[in-house]
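*Asks:* model this:
(2 chains)
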Amino acid sequence: EAGVAQSPRYKIIEKRQSVAFWCNPISGHATLYWYQQILGQGPKLLIQFQNNGVVDDSQLPKDRFSAERLKGVDSTLKIQPAKLEDSAVYLCASSPDRGPTEAFFGQGTRLTVV
Amino acid sequence: GNSVTQMEGPVTLSEEAFLTINCTYTATGYPSLFWYVQYPGEGLQLLLKATKADDKGSNKGFEATYRKETTSFHLEKGSVQVSDSAVYFCALWGTDSWGKLQFGAGTQVVVTP
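*Replies:* Numbering: from 1, shown residues only, chains lettered A, B, ... in the order given. Have a look, this model is predicted:
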């Protein structure tokens, strides 16, 4: 079974530029998560989708971050404009359904804002 | 709101030593508890889980028991190997509203030969 795919693996941008990350979850997984992991910290949930609907985006900085999940499958996370403090690893994860089941993580995208 | 607190690292051990990583949580209701591990250069992966009080999760020689009375889920391994060097994250799935997976700050473990 293929795992969660993310791209790109690394991205360096200047502040105030925009950037987008892509995630392809495991086939058939209804729940998709985007986490932000700042160096030395645990992953922080940015947004959670159930199929193509948002069920939690309480920690998403909506003035600059946006996310969508097309047809309940792939997802993109966008930052516009980026700030220095957005430098982090952005993790995508998926799980089969809502509930305390295992979440499968991608390798992440390491973003550096200079 | 819900939260997870882990002991700070790094924890440095010699091979075959006993490992304990403390994890406590704050949550309403009855959350499910997890330990995830991140090996160098790899993504997060589930190590073990427990879904109700007094459950014991185990995998790869690691164990953790869900203690509701002390709101804890400490991770233990009796004899660590160099290959156990990684960052370990305690996490909970809260039962409030929709439910979501929240992580602690992580504890880096370094095992030396």
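
*Asks:* And for the residue nearest the centre of chain A, nearest residue in space, chain neighbours not counted?
*Replies:* Nearest residue to the geometric centre of chain A (Cα atoms, centre = their mean): residue A:34, 3.0 Å. Once flanking residues are discounted, residue A:34 sits nearest to residue A:46: 4.6 Å by Cβ to Cβ, 6 or more residues apart in numbering or on different chains. Every residue, glycine included, has its C-beta placed from N, CA and C.

*Asks:* Spell out the residue ranges of the strands in chain A.
*Replies:* Secondary structure of chain A (DSSP state E): strands at A:5-7, A:10-13, A:19-24, A:31-37, A:44-50, A:53-56, A:65-69, A:75-79, A:88-95, A:104-105, A:109-113.

*Asks:* Adding mean pLDDT, write these out as TSV.
*Replies:* Shown next, in TSV, are those (pLDDT from 0 to 100):
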stretch	mean pLDDT
strand A:5-7	97
strand A:10-13	98
strand A:19-24	97
strand A:31-37	95
strand A:44-50	93
strand A:53-56	90
strand A:65-69	97
strand A:75-79	98
strand A:88-95	95
strand A:104-105	92
strand A:109-113	97
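
*Asks:* right, and residue B:8 touches residue B:108 too?
*Replies:* No: the pair residue B:8 and residue B:108 does not pass the contact test of Cβ atoms under 8 Å, sitting 9.2 Å apart.

*Asks:* and chain A, which of its residues are near chain B?
*Replies:* Proximity of chain A to chain B, by Cβ under 8 Å from any Cβ of the partner chain, involves residues A:3-4, A:33, A:35, A:40-45, A:48, A:50, A:55-56, A:91, A:93, A:98-100, A:102-103, A:105-108.
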